[in-house]
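Student: Structural data only, the sequence is not supplied:
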């Protein structure tokens, strides 16, 4: 990355650029609560390991993590149950199918393809070893985001629980095929955990801090604490790079090149080189379920700051999505 | 990477380790010519950008590139037809299916998922703009490998042409669905080009040089020549990381973490950090079609030299395949 | 059919033949209650429209109908909701997939393929217009089987309800895609109806009477009452012929040639020419889920009595399954 | 069937009815030669076993059989290679997929589902044991249609051969998976036979005679000759009923109820009760590839003459397609 660049100016230009494409997207409406998000919102935050925070737009509006929770639950499952246990239950392969696809479960006669699709994340959640899994999850999120006030949105949780028929179907298939880990007698129990985790609220700034910890191999550089081991961080970042953006992951990797995870709440967190973390928020989604404005903001930052993981670190010309 | 390490010693240990798992694999036999490879062969080569060559085992035995040619043909197509043209014909998404799958072509009503599966590579080959595409291909391979004596194995080419019924089926589907680019009236013409490219012979050392050029963003550091633009290299390396190892790409990325491409001839090239390139050769393949010994060698190098792209650069403990 | 044949003797020979193949099958064990069936049971019954009953073996042992209920619920749905309503919700095409497949629901973006697979039968059940659908169902079954003592097996029902995770998954997919008819707010309600219907107990003799009514275009020839209209009977018999034997329907139609429906409880009912009905029972199932002994009994009857719907009515040589 | 009905009048009314729906269809254009058919053509013929011929409209315009040839080639393969040989190579199950689908070949790891889809018919053709298979085929067609002047349309054959890329793909998959029978070294040889058979020209009257022979269990009632054995006829008619109308077979069976086979040339032959045969021709096809006018004509005849195989033989009210 070119150190002489004015990151704040680039971030503000990125937000301005992102606003231009908001008209292309739509706020998620499969849950009534999500549909209430202010459609014009767009914000971003970039944190350097020295603690410098660059922020613009709606960087401090809280929203629910949704699928971004899949990375936290994967960390927690790997911490408590271990690599071998978790990956005896879920694969590591990207798939070209939709995030809520059940096709592979019938076609391939095997476990879910990876922890970033719904079926995989539900299996991963079932692996967590903890007396109160959600409580441990919340503690981990607060620590990785360096924000003790993070909590769950009760209405979104309740709304998910009421309307989550697709995830309920997935969970019943997993239970039927004995793929869930542990002694889950009732599908509702594992779904309750899953829906709670999806309903935890964060801001773009929270996500930037989280991404920064991942960028520093599990150490929070502002405190020096090793929160997650480098081995777990390496695995999680690899899976984010390969499957973090639903069935747009390949195109995003080619065009943006940062290990990232998005959620239908409109958030994306992106792990950047040089120990930097990026978080964005914009509730309007493209057809693949990714924040249309947020994706543009991160792409702008990647190309203008030269952040693509497989580039030479120099600014480069964006390829249109 | 820890600069104090004795790379030659690590490479030799890697080869020794690789020999231990050869019994698990089998030489490809779908083409009679391939079945003739010496099954016990195993070799590797690592080249640093200053030109230092580390080599061990059968690093200088020539073998046919097979699917590794998919990266060269992608480069040539991007150079001659441009990004927009090529990616209007083929996608960028990884897929969990086998490399010779035709499923997605019927299920998804779209172009092949990516340039690293057979269907995608045939489409990419059809995009190459050149009077004599194979001649241009061979020139590019020779330059990127810094070896002017590289040539095609006539018997393997003829053997592929005789027995390539699966690829022939794929090509007819692509022609039927009007996905091939340009004015290919006869499926045999595009297949002839494809089979020729697969039949070009290289050594592990050739592949290491090629990977080194990719690691240096298209510049051959031994000559200073920019052979491929950084924009093309970035795209190709990203697709190698996501889909370069058939339907084992995800697991390989998690466990090894280097943009790589394998071929059923037994070769793998891997792009390493710090401008280094790695090439390996071992004709015994695992069930996914990747060199079982070669994969082990690269994994050993990655963990002992700390090369995983998403790690902190320190040596780390390998995860068993 | 050759009227000079001694039907009772043929039936007894059929049962004897059927006993020879019982070793090939296994009693269904996906529900604990089903696994309790006496594995050596085998019985059959053929009723002529003049009321003559031929019976042999375990023709009067009660067992749960399971999938045979799909034909009764289809009749009831067509009677109460009409052809157009029902077939706006479910298709009429056979499918090569397993009876509990969910593949088509994702691949084809449409309603279940036909009323004889689980997904289709659940949708059909949701179409029934009645204050108490199960009560109406039971009345219909009793009338069509001419047996007022027919009732539900509480333990099987409870066992299905406890362990029916696959059907639960299917029902959630159907609800998620808004394919269920009417105002079913809770998936458990439609499943409760479905499981109750599957748990109704009948004997081979009951099924023979039912099949005889269908063979007489909806008229019970022993009473003269038109229980079902010929239009509905025509549709139901056609679907039985095409899809009544799970994913063995084609082979069974070629080799046996009678509109039939089987259930994993071990029963099969078969509609024969000349107004005759056949019912068999044998809990040992083949891999496709059909009674292995029962299928042999019906095939023997078909070939020795010349009952194949697409034959010339003369006895013919069986083709081995 | 009601014997007092004026069949000629009903047939003419059926043609008139059929003309009303021609606007819904389109002439096949995947082969240039087929696109030349006069779109307004519609004709039908019904032959009684006493030799009485009822005909109306364009009943004597020749057209290519296309998929109707699949029934003749199945008969010839069963005659020359036997039931066991043929059905070791192809299944008997209907499938919900398109006639030119290749999905099942990859998904199910087995032979083609049935002889009425393209993959199955190519396999069946490969089973024919004859010095000159096409010559034997032509002789059989001429005899079954009682028309010695039947011959192949050279231009359609050539056109098929030039443009049959989809079938070529299917044949290569079959050869690759070693599913073709016999020693076919070159895919073009089996395709040549297949394309020739598809290109044989018949009239609606020819098809009616053929269907009449099938309706009389293989005996031509006008000569008394047993051309095909009852065992083969039974199998072929069953497969026609289950899979003869592409992926509309189920709906057609429910609504029309006659063993039938259609071709994209616009022909349909239908085997009727009481030893009668029906042939129709109308080149405008619906989306499933069946003659839209022809289907309506047969449905009209079935409902007004009471021909549905699973009905009581009385006229019944048509269900709209």
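Tutor: Looks like it arrived, so ask away. Not measured: the values here are computed from a predicted model.

Student: When you work out contacts or count neighbours from here on, use the C-alpha atoms and nothing else.
Tutor: Will do.

Student: Can you point out the helix or strand that includes whatever residue of the stretch 51-200 of chain A ends up closest to chain C?
Tutor: Residue nearest to chain C within the stretch 51-200 of chain A (CA to the nearest CA): residue A:169, separated by 4.0 Å. For residue A:169, the element it lies in under DSSP states H and E is helix A:165-176.

Student: Average pLDDT for that helix, rounded please.
Tutor: Helix A:165-176 carries an average pLDDT of 89.

Student: what residues does the helix or strand following it touch?
Tutor: Later in the chain than helix A:165-176, the nearest helix or strand by DSSP H and E is helix A:187-198. If you take CA atoms under 8 Å, 6 or more residues apart in numbering or on different chains as the criterion, helix A:187-198 is touched by A:64-69, A:73, A:122, A:125-126, A:133-134, A:137-138, A:152, A:157, A:160-161, A:167-168, A:171-172, A:175, A:184.

Student: What are the boundaries of the helices in the stretch 101-250 of chain A?
Tutor: A:103-107, A:118-127, A:133-145, A:154-163, A:165-176, A:187-198, A:204-215, A:230-243, A:249-255 (DSSP state H, counting those that start in this stretch).

Student: just checking, what packs against the longest one?
Tutor: What it means is helix A:230-243. helix A:69-81, helix A:249-255, strand A:260-262, helix B:249-255 (3 or more CA pairs under 8 Å, 6 or more residues apart in numbering or on different chains; DSSP states H and E).

Student: Only the buried residues of the third one, if you could.
Tutor: Right, strand A:260-262. Neighbour-count burial for strand A:260-262, counted by 16 or more other CA atoms under 10 Å in any protein chain shown, picks out A:260, A:261, A:262.

Student: just to revisit the earlier point, may I see the ChimeraX selection of the buried members of the contacts of helix A:187-198?
Tutor: Entered in ChimeraX, the line below selects the buried ones among the contacts of helix A:187-198, by 16+ other CA under 10 Å:
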select /A:64,65,66,67,68,69,73,122,125,126,133,134,137,138,152,157,160,161,167,168,171,172,175
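
Student: Return the per-residue confidence for the closest residue to residue A:63 other than its chain neighbours.
Tutor: Sequence neighbours aside, residue A:201 is the residue nearest to residue A:63 in space, at 5.0 Å (criterion: CA to CA, 6 or more residues apart in numbering or on different chains). We have a pLDDT of 98 for residue A:201.

Student: ditto for the one 4 residues further on
Tutor: What the model reports as pLDDT for residue A:205 is 98.

Student: List the residues that contact it.
Tutor: A:44, A:45, A:46, A:55, A:59, A:60, A:278, A:279, A:280.

Student: Report the separation between the closest residue to it other than its chain neighbours and residue A:302.
Tutor: Distances taken as CA to CA, 6+ apart place residue A:45 nearest to residue A:205, at 5.4 Å, with adjacent residues excluded. To residue A:302, residue A:45 is 13 Å away according to CA to CA, to the nearest Å.

Student: before we move on, the earlier item: need the residues that contact the helix holding residue A:169.
Tutor: Contact partners of helix A:165-176, identified using CA under 8 Å, 6+ apart, comprise A:100, A:102, A:118-119, A:122-123, A:180, A:187-188, A:191, C:165-166, C:168-173, C:175-176.

Student: cool, stretch A:30-38 as well?
Tutor: When contacts are defined by CA under 8 Å, 6+ apart, stretch A:30-38 is touched by residues A:27, A:28, A:29, A:155, A:156, A:159, A:160, A:163, A:265, A:283.

Student: Buried among the residues you listed? Need that as a selection in ChimeraX.
Tutor: Filtering the contacts of stretch A:30-38 down to the buried ones (16+ other CA under 10 Å) takes a single ChimeraX command:
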select /A:27,28,156,159,160,265,283
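
Student: Pipe the contacts of stretch A:30-38 into CSV and attach distance to chain B per row.
Tutor: As requested, the contacts of stretch A:30-38 are exported to CSV (distance: CA to the nearest CA, whole Å):
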residue, distance to chain B
A:27, 25
A:28, 23
A:29, 25
A:155, 35
A:156, 32
A:159, 32
A:160, 29
A:163, 28
A:265, 23
A:283, 24
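
Student: Tell me the confidence at residue A:137?
Tutor: pLDDT for residue A:137: 98.

Student: go on, the one 10 residues further on?
Tutor: Among the per-residue scores, residue A:147 holds a pLDDT of 98.

Student: Next: the one 4 residues further on.
Tutor: You'll see residue A:151 listed with a pLDDT of 98.

Student: Just the buried residues of the contacts of helix A:165-176.
Tutor: Buried among those by 16+ other CA under 10 Å: A:102, A:118-119, A:122-123, A:180, A:187, A:191, C:165-166, C:168-173, C:175-176.

Student: Widest-spaced pair of the contacts of stretch A:30-38?
Tutor: Greatest spacing in the contacts of stretch A:30-38, by CA to CA: A:163 and A:283 (19.5 Å).

Student: What distance do you get for the residue in the stretch 201-321 of chain A positioned nearest to chain C to chain D?
Tutor: Here the residue of the stretch 201-321 of chain A nearest chain C is residue A:247; by CA to the nearest CA that distance is 15.8 Å. Using CA to the nearest CA, to the nearest Å, we find residue A:247 at a distance of 22 Å from chain D.

Student: One more: residue A:37?
Tutor: Distance, residue A:37 to chain D, using CA to the nearest CA: 42 Å.

Student: burial measure for that residue, as a count.
Tutor: By other CA atoms under 10 Å in any protein chain shown, the residues close to residue A:37 number 18.

Student: any weak-confidence spans in the stretch 1-150 of chain A?
Tutor: A:1-3, A:96, A:98-110 (pLDDT under 70).

Student: what about the strands in it?
Tutor: Listed in chain order, the strands of the stretch 1-150 of chain A (DSSP state E, counting those that start in this stretch) span A:26-27, A:43-47, A:53-57, A:63-64.

Student: could the ones you listed go into TSV alongside distance to residue A:274?
Tutor: Compiled in TSV, those are given as follows (distance: least, CA to CA, whole Å):
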stretch	distance to residue A:274
strand A:26-27	33
strand A:43-47	11
strand A:53-57	14
strand A:63-64	27
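
Student: one step back: out of the contacts of residue A:205, give me the two with the largest separation.
Tutor: Spatially, the most separated pair among the contacts of residue A:205 is A:60 and A:278, at 13.3 Å (CA to CA).
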